[in-house]
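S.K.: Show me the folded form of this:
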Amino acid sequence: KGDSIHSIYHALQSEDPHFISQIVMKTAPNLLKLGQFDLIMESLKAIPSDYFEKYPALYYFEGEANRYRAYYEKSKQAYQKSLELATSNNDAFYMSYAHAGLAHIYLDTIQPGLADPHLAKAIAFANQTTTMSQSDMYNLKRQFAENLVNLGKTREAKAFIEEEQLPESL
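M.R.: This is a model prediction of the structure:
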């Protein structure tokens, strides 16, 4: 019924790893918004590693929860595993999200030069998928333009904004 926290608790009580993994993948975006990072991590611990090898989303959400908790090295490792798995499955959606996650680590730690190539790749892979929301695509492009400005590349940022038809008041 849309209650992500109770959904996770009920899934964990089932002790069914497939069910838990499906519920985690479905509820994790909302749990991230609610700041339930520890609940995500506890839920992921109940899922055997072979499920992680099937679903790049599980590694991605592990990366997100760790990044929000400022465990950047653990986050980076999870995003890289998500990226490797998504690449082997030719999954452009999670290739984009994994690159965006890596970029966010570098943005969070004020390293715009390292974020830049990951943002560019995130946008390139996002353009290859039809399942990414317009909002997520807009946010990636906005972050890319902002990062160009942070790198002192204002002309490139302005050209990108005009090319992508983004509002200039980013």
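S.K.: Skipping adjacent residues, who's closest to residue 57 in space?
M.R.: Nearest in space to residue 57, with sequence neighbours left out and distances taken as C-beta to C-beta, 6 or more residues apart in numbering, is residue 25 at 4.7 Å. Where you see a C-beta, it was placed from the backbone N, CA and C, and this is true even at glycine.
S.K.: Please tell me how far the one you found sits from residue 41.
M.R.: 15 Å (C-beta to C-beta, to the nearest Å).
S.K.: per-residue confidence for residue 130?
M.R.: With respect to pLDDT, residue 130 has a value of 89.
S.K.: Please name every helix or strand in contact with the strand or helix carrying residue 97.
M.R.: Residue 97 is located in helix 92-108, with elements delineated by DSSP states H and E. Judged by 3 or more C-beta pairs under 8 Å, 6 or more residues apart in numbering; DSSP states H and E, helix 92-108 is in contact with helix 56-68, helix 72-88, helix 112-126, helix 134-150.
S.K.: can you state the direction angle for that helix and helix 72-88?
M.R.: Relative orientation of helix 92-108 versus helix 72-88 (axes from the mean of the first three to the mean of the last three C-alpha atoms, to 10 degrees): 160 degrees.
S.K.: which of the residues in helix 92-108 are buried?
M.R.: Neighbour counts over helix 92-108 (16 or more other C-beta atoms under 10 Å) mark 92-107 as buried.
S.K.: For residue 154, state which of those residues is nearest.
M.R.: Of all those, residue 154 sits closest to residue 107, with 17.9 Å by C-beta to C-beta.
S.K.: Now do the same contact list for that closest one.
M.R.: 115, 143, 147 (C-beta atoms under 8 Å, 6 or more residues apart in numbering).
S.K.: The last one against residue 112, yeah?
M.R.: Meaning residue 147. Yes: counting by C-beta atoms under 8 Å, residue 147 touches residue 112, with 5.0 Å between them.
S.K.: how far is the helix holding residue 97 from where the chain is centred?
M.R.: 5 Å (C-alpha atoms, centre = their mean, to the nearest Å).
S.K.: Now that helix: average pLDDT?
M.R.: Per-residue scores along helix 92-108 average to 96.
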